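J.: using only what follows, build the 3D model:
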Amino acid sequence: MLRVSLPDGSVKELPAGSSTADLATLIGPGLARAAVAAKVDGELWDLNRALPDGATVAIVTRGDDDPEALYALRHSTAHVLATAVRDLYPGAGIGFGPPIENGFYYDFDVPEPFTPEDLEKIEARMAEVVRQGYAFERREVDRAEAEGLFADDHLKLERLAEIPEDETISTYTDGPFTDLCRGPHVASTDEIKNFKLLSGAGAYWRGDETRQMLQRIYGTAFYDKKALAAYLKQLEEAKKRDHRKIGQDLDLFSFHEEFGPGLVAWHPKGARIQMKLRRWIEDLLEKQDYEFVYTPHVASEALFRRSGHLPAYAENMYPAMQEEDEGEAFRVKPMNCPGHTMIYAARQRSYRDLPLRLSEIANVYRYERSGRTRSSRASIWSTRSWGRSGSSTGSIFRRARRSESGPTRCGTERKPTSRRRSIEWEGRTGSMLAAVPSTARRSTSSSRTRLAASGRERRSSSTSTFPSDSSWNTSVRTTSRTAR
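T.: As a prediction, this is how the structure comes out:
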């Protein structure tokens, strides 16, 4: 016998080898009919997996309001999709097929992209797989057997090689299709009654643009037919409000293959809207005491080396432009702040000049994946005490966060290393910390010396972390002292 605990604290005894399905039947026939999966010691399991002795078990019932129930349903529907594709395209490589927030997708290695007609044919084949009522059968296999099972699929062999030696390798089979998978799944394909394939798209294997392009199919599934219909209607309404469609219908802008993907040609009506938005932004910034500047769209690589941007993420900048034997190479600017720093450094500054707010509404050019967005930039030089005084600019700027995806604002999102030093922002307090050439600090230093003799002073400071350079000061500390 084995003993399992339920969420209410009660304990049930079952014969050794019993599954969650057996537990649900023991509790009541209604629960047995509604059950789709189980949480066993916090992990989502199939109903038919044998329960371990002493486990805590929570039974998951079908319903579109339960994310875990939807997870099992959509994961299973993704496998039905793969079953249909493998039947129609026998040589298709099978990538990943996870459930996602509003549905699922599966990646396939096939010679040609899927057309809308292909999706209709695949969906019809999926309906046949559902009608067959294939059970989702889980097996735990050793590495050698798994390599034999997937010998004809290089994508699965690559994934298999990444599984640690001490981790259980499991497969799931529904009818003619077997996949390398952790699960969980619903009991059988005939539980999948309401599904729809939505679209196809290209996707790089493992999200790496240096790897082969796969063909991804998106779909969704629900337990309730009305929930599926409502979701599809929501998608149709969203299409009507797609800015790309509305913009072209209203003659605001157009896209052209000759320009390149995502590059916009603004028509007169769209240009008028953009002009009004620009004026609104400028008026807003002017009320916040910003001064407007313009800097070149192309600059020498020396500037971006001094600021630290070039060493930090050259791969996200457009390639250098250089004539033979013409000296320093040039790049289109990916950000405004190095140019703003040069303006700040163009003459001697005193603490009395602070805070100095510079803004520029300009195009910046970044060699990044499509989908990333950028806004106009502004730079602030201030004393630390000013930044902590509750300045209104604190509501405009927020601290830039680092991640692994690339650069952000006037800095790099990567974790700084000895070669990749980040440019620190303190936007939460309204101050940007910028490195300043020594010529721009002389008057500040002399003011500090002059006022220090009075013994009546208030101190505040700001530091920066631009990478070291013979002509660019690092960790500059500007101290402002004012007599009380």
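
J.: all the helices of the stretch 51-200 of the chain, residue numbers only.
T.: 67-88, 116-132, 143-149, 154-162 (DSSP state H, counting those that start in this stretch).

J.: for the ones you listed, give me JSON lines that also has distance to residue 308.
T.: Quick note: C-beta positions are derived from backbone N, CA and C, even for glycine. Converted to JSON lines, those look like this (distance: least, CB to CB, whole Å):
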{"stretch": "helix 67-88", "distance to residue 308": "43"}
{"stretch": "helix 116-132", "distance to residue 308": "48"}
{"stretch": "helix 143-149", "distance to residue 308": "46"}
{"stretch": "helix 154-162", "distance to residue 308": "35"}
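
J.: with residue 322 as the reference, name the closest of those helices.
T.: Smallest distance to residue 322 across the helices of the stretch 51-200 of the chain (CB to CB): 39.3 Å, for helix 154-162.

J.: returning to that earlier point: now render the helices of the stretch 51-200 of the chain as CSV, adding distance to residue 24 and mean pLDDT.
T.: CSV is the format used below for those (distance: least, CB to CB, whole Å; pLDDT from 0 to 100):
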stretch, distance to residue 24, mean pLDDT
helix 67-88, 14, 96
helix 116-132, 23, 96
helix 143-149, 31, 92
helix 154-162, 33, 90
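
J.: just send those helices back as TSV, with mean neighbour count and distance to residue 189 too.
T.: Compiled in TSV, these are given as follows (neighbours: other CB atoms under 10 Å; distance: least, CB to CB, whole Å):
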stretch	mean neighbour count	distance to residue 189
helix 67-88	23	6
helix 116-132	15	5
helix 143-149	14	20
helix 154-162	15	21
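
J.: just the pLDDT at residue 461, thanks.
T.: Per-residue pLDDT puts residue 461 at 33.

J.: just residue 413 next, same as before
T.: With respect to pLDDT, residue 413 has a value of 37.

J.: make 26 the starting number, not 1.
T.: Sure, I'll start numbering at 26, so the last one becomes residue 438.

J.: out of the helices of the stretch 76-225 of the chain, which comes closest to residue 310?
T.: helix 92-113 (42.8 Å).

J.: run the angle between the closest one and helix 141-157 for me.
T.: Interaxial angle, helix 92-113 versus helix 141-157 (axes from the mean of the first three to the mean of the last three CA atoms, to 10 degrees): 110 degrees.

J.: low-confidence ranges in the stretch 326-475 of the chain?
T.: Residues of the stretch 326-475 of the chain meeting the criterion pLDDT under 70: 394-402, 410-475.

J.: scratch that, the stretch 176-325 of the chain is what I was asking about
T.: Scanning the stretch 176-325 of the chain residue by residue, none of them satisfies pLDDT under 70.

J.: in it, which spans are strands?
T.: With DSSP state E, counting those that start in this stretch applied, the stretch 176-325 of the chain shows strands at 194-199, 202-205, 219-229, 238-247, 278-280, 289-291, 316-317, 323-325, listed in chain order.

J.: need those strands in a markdown table with distance to residue 341, can you?
T.: Formatted as a markdown table, those follow (distance: least, CB to CB, whole Å):
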| stretch | distance to residue 341 |
| --- | --- |
| strand 194-199 | 38 |
| strand 202-205 | 34 |
| strand 219-229 | 17 |
| strand 238-247 | 21 |
| strand 278-280 | 23 |
| strand 289-291 | 21 |
| strand 316-317 | 27 |
| strand 323-325 | 16 |
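
J.: can I get the ones you listed in a markdown table with distance to residue 188 and mean neighbour count?
T.: Converted to a markdown table, the strands of the stretch 176-325 of the chain look like this (distance: least, CB to CB, whole Å; neighbours: other CB atoms under 10 Å):
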| stretch | distance to residue 188 | mean neighbour count |
| --- | --- | --- |
| strand 194-199 | 6 | 19 |
| strand 202-205 | 8 | 20 |
| strand 219-229 | 22 | 17 |
| strand 238-247 | 20 | 22 |
| strand 278-280 | 43 | 16 |
| strand 289-291 | 45 | 14 |
| strand 316-317 | 57 | 12 |
| strand 323-325 | 48 | 14 |
